[in-house]
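Visitor: sequence unknown, structure follows:
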């Protein structure tokens, strides 16, 4: 028979058991941050010991790294030195670095110090690379990277791994200066071949403030200065303040700027000079692939602008001093081309300003075509010298806009329309304002304002060299086969023409 414990002994045993459950720090543990291995109220710390202090913080794991950005960026590493409970973060590697920020590499999980700009500078240094290709390779590890041509150098592209084509991939911006876009005068890329293009700009890529030339060792296969390659990637190609010219030791490109593929393309403040075939060639996958060229200059090329396939809008731009035509969109095949000329100047070209044949849509608005040398065009045995706008074939079936244009001072005919079975509508609007009427002026016999050979043209509510437009002086059509007609708004006593003064600025801008 067991004897009951005395009350004093029971209290002593209870006190002893209570002493076993009080907080005792320093017990070993194996999983940082764990509470199951430690007494109540404690946590496993950085030094793998239990403590109450570790329960009040977020202990780090020895050897773990993190990225910290501010004025400078640094990678820090966890250590138990100095604080075994919560750990201490110390700078790993060379120390804090400016011009960097924290980013997770594409496909990675841990942040790193990433360069804000990857600078092409053979002198070397933090975030500096010896070649364009190596800078792009480093930049594309991260999202939306930028590559800058920097340092004291003025010419780039001559590194061994920069053999053309230099590919600017999707998401990358190549710029000639980190602070300004118009740096093309001192940021030259002298491409070395083999080509066929110097720069290949993929869909979603951008190039700003650079000049592209053929280097001294450029091969014959290096025929295109810049190719906007297009493709299915999100976003379009962008060129801003880019110069493509014949100033390099290798001479001119055959084609300065070529637009291919699909996706939207935006080009602004671009200068193309000295191309031996075309300054700008647009040859896309379909007529609906849009190209917008704004505030650009195509000067001294064989053909200024050649539209082979696609939808091109040339806005606020200049096409001048071409050896042949200024602008050509004349494939003669439906379903391929749409062209808009808006507030442009097409001047001083060698075989006429603009040549058109079978486009799906045309819109000429506020464009000046002037000072162009004439070129002989023959249809059905009738030869006319045409210096302004030459049109062959039917008008577009979908859209035709023709208002506010100044076509003047060209050699021969200012506008010629030939071989069209459907009538062309080149009329302005009854308001006869500068934006609604077209002006055909500055011609010398036998040239006229509008000639129609084997075609019918409506050209009412426009201004002419004569206040009252006269057949044979202001407009022409052959009286016999192949025939033709021009309705200048004077038939049967009509006065559907703009009997207002010609604009005061009918002087072709100096080239």
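Guide: Yep, it's here. Note that the coordinates shown come from a computational prediction; the quantities given were computed from them, not determined experimentally. Numbers count the residues shown, from 1 in each chain.

Visitor: And residue 46, how far from residue 24?
Guide: Here the criterion is CB to CB, to the nearest Å. By it, residue 46 lies 19 Å from residue 24. Using the backbone N, CA and C atoms, a C-beta is placed for each residue, glycine as well.

Visitor: In terms of neighbours, single out the busier of those two.
Guide: residue 46 (25 against 12; other CB atoms under 10 Å).

Visitor: So that one is in contact with residue 89, correct?
Guide: No - the pair residue 46 / residue 89 is not scored as a contact, 10.5 Å apart, by CB atoms under 8 Å.

Visitor: in this protein, which spans are helices?
Guide: Secondary structure of the chain, counting by DSSP state H: helices at 7-20, 52-55, 132-139.

Visitor: Comparing these by mean pLDDT, which bottoms out?
Guide: Lowest mean pLDDT of these: helix 7-20, a mean of 44.

Visitor: State the number of residues packed around residue 154.
Guide: Neighbours of residue 154 (other CB under 10 Å): 12.

Visitor: neighbours of the closest residue to it other than its chain neighbours, just the number please.
Guide: Closest residue to residue 154 apart from its sequence neighbours, by CB to CB, 6 or more residues apart in numbering: residue 186 at 5.1 Å. A count of nearby residues for residue 186, using other CB under 10 Å, gives 14.

Visitor: how much space between residue 186 and residue 216?
Guide: Taking CB to CB, one finds residue 186 at 19 Å from residue 216.

Visitor: swap in residue 166?
Guide: Between residue 166 and residue 216 the distance, using CB to CB, works out to 17 Å.

Visitor: I'd like to know the beta-bridge partner residues of the spatially most central residue of the chain.
Guide: Taking CA atoms, centre = their mean, the centroid of the chain lies closest to residue 238, which sits 1.1 Å from it. Beta-bridge pairing for residue 238 (DSSP bridges): residue 206, residue 266.

Visitor: Local confidence estimate at it?
Guide: For residue 238, pLDDT reads 89.

Visitor: Check residue 22 too.
Guide: Per-residue confidence (pLDDT) for residue 22: 45.

Visitor: One more: residue 339?
Guide: Residue 339 is assigned a predicted lDDT (pLDDT) of 96.

Visitor: That one is in contact with residue 306, isn't it?
Guide: No - Residue 339 lies out of contact with residue 306 (CB under 8 Å); the separation is 11.1 Å.

Visitor: list residues touching both of those two?
Guide: residue 329 (CB atoms under 8 Å, 6 or more residues apart in numbering).

Visitor: Correct me if wrong: residue 465 contacts residue 444.
Guide: No - using CB under 8 Å, residue 465 makes no contact with residue 444, being 9.4 Å away.

Visitor: more crowded one of the two?
Guide: Counted by other CB under 10 Å, residue 465 and residue 444 do not tie: residue 465 has more neighbours, with 20 against 10.

Visitor: Please name the nearest non-neighbouring residue to the more buried one.
Guide: Closest to residue 465 by CB to CB, 6+ apart is residue 441, at 4.7 Å.

Visitor: for residue 170, same thing?
Guide: residue 204 (3.5 Å).

Visitor: shouldn't the one you found be in contact with residue 168?
Guide: No - Residue 204 is not in contact with residue 168 according to CB under 8 Å; the separation is 9.6 Å.

Visitor: These two: which is more packed in?
Guide: Taking neighbours as other CB under 10 Å, residue 204 and residue 168 compare with residue 168 leading, 24 against 19.

Visitor: Beta-bridge partners for that one, please?
Guide: What pairs with residue 168, by the bridge criterion (DSSP bridges), is residue 201.

Visitor: can you check residue 214 too?
Guide: residue 191.

Visitor: What is the burial count for it?
Guide: Residues near residue 214, counting by other CB under 10 Å: 26.

Visitor: Contacts only, for it.
Guide: 190-191, 198, 222, 246, 248-253 are the contacts of residue 214 under CB under 8 Å, 6+ apart.

Visitor: out of those residues, which is most surrounded?
Guide: residue 253 (35 neighbours).

Visitor: I'd guessed that residue sits against residue 221; true?
Guide: No - Residue 253 is beyond contact range of residue 221, at 11.5 Å (criterion: CB under 8 Å).

Visitor: what residues are shared contacts of residue 46 and residue 89?
Guide: Shared contacts of residue 46 and residue 89, defined by CB under 8 Å, 6+ apart, are found at 60, 78-79.

Visitor: Strands - which of the residues you listed land there?
Guide: 78-79 (DSSP state E).

Visitor: Turn the shared contacts of residue 46 and residue 89 into JSON lines, including distance to residue 504 and neighbour count.
Guide: Output for those, formatted as JSON lines (distance: CB to CB, whole Å; neighbours: other CB atoms under 10 Å):
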{"residue": "60", "distance to residue 504": "78", "neighbour count": "23"}
{"residue": "78", "distance to residue 504": "77", "neighbour count": "20"}
{"residue": "79", "distance to residue 504": "80", "neighbour count": "19"}
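
Visitor: Now tabulate the shared contacts of residue 46 and residue 89 in JSON lines and tack on pLDDT and distance to residue 176.
Guide: JSON lines is the format used below for the shared contacts of residue 46 and residue 89 (pLDDT from 0 to 100; distance: CB to CB, whole Å):
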{"residue": "60", "pLDDT": "95", "distance to residue 176": "44"}
{"residue": "78", "pLDDT": "94", "distance to residue 176": "42"}
{"residue": "79", "pLDDT": "95", "distance to residue 176": "44"}
